[in-house]
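Chemist: pasting a predicted model and its sequence here:
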Amino acid sequence: MAKKTRLVVTGHNDDGKSVVVSDDDAPHVHVFESSGGLTVTDLWLTSTIPADHSASGEPGSRSFTIEPPSNGSVFRVIDYPPDKVRFLNMDRETAYRDMGAAHALVKKDARYPMHKTHTIDYAVILSGEIYAVMDEGEVLLKAGDCLIQRGTSHAWSNRTDELCRIVFVLIDAKPL
């Protein structure tokens, strides 16, 4: 089971002084049973770049999608279950449809569910380890490692018995 994520948000008071606006568990948690309990916690999103600090970045009632808003960004944490749990009964098309990403699934018959988004993704492995699988090759990432995903077809493979927690920032990008 994924642990809760504490989200601290700062802002300004009426006098223009910096303050902590909120400090609580992140409320926007999505558990995808069709992906073996993969858990996505959306922390913040923007709908413009540059970001508008007067706008709320709370995901609110926005239905979950894997990609950020057009011309925007999303900050999230994903907890990847071990492959033996995640892929046990996974129907790839259903799983990606549930994540609002049916369009992103590019290789339905590959060993792993390869997907591709029109984003640049910054990823930091917080705990555990995971393989970033490319069309050709793969790389093992461990806690503290960083990956820049530049609109490439990819998949994630957790070949351990523990969750792998990754923090992501996804930024809308021009299609390749």
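Modeler: Structure received.

Chemist: so how far is stretch 165-176 from its chain's centroid?
Modeler: The chain centre lies 8 Å from the centre of stretch 165-176; the measure is CA atoms, centre = their mean, to the nearest Å.

Chemist: what lies in contact with that stretch?
Modeler: 2, 49, 67-80, 117-128, 130, 150-151 (CB atoms under 8 Å, 6 or more residues apart in numbering). Where you see a C-beta, it was placed from the backbone N, CA and C, and this is true even at glycine.

Chemist: now do stretch 14-32
Modeler: Against stretch 14-32 from outside (CB under 8 Å, 6+ apart): 2, 4-13, 37-43, 58-60, 64, 77, 95, 98-99.

Chemist: just stretch 102-118 next, same as before
Modeler: Stretch 102-118 has contacts (CB under 8 Å, 6+ apart) with 66-67, 90, 92-93, 95-96, 101, 133, 135, 151-157, 170, 172-176.

Chemist: which parts of that stretch are buried?
Modeler: Residues of stretch 102-118 classed as buried by neighbour count (16 or more other CB atoms under 10 Å): A104, L105, Y112, P113, M114, H115, K116, T117, H118.

Chemist: now the two most distant members of those residues.
Modeler: Y112 and H118 (20.4 Å; CB to CB).

Chemist: all good on my end, thank you.
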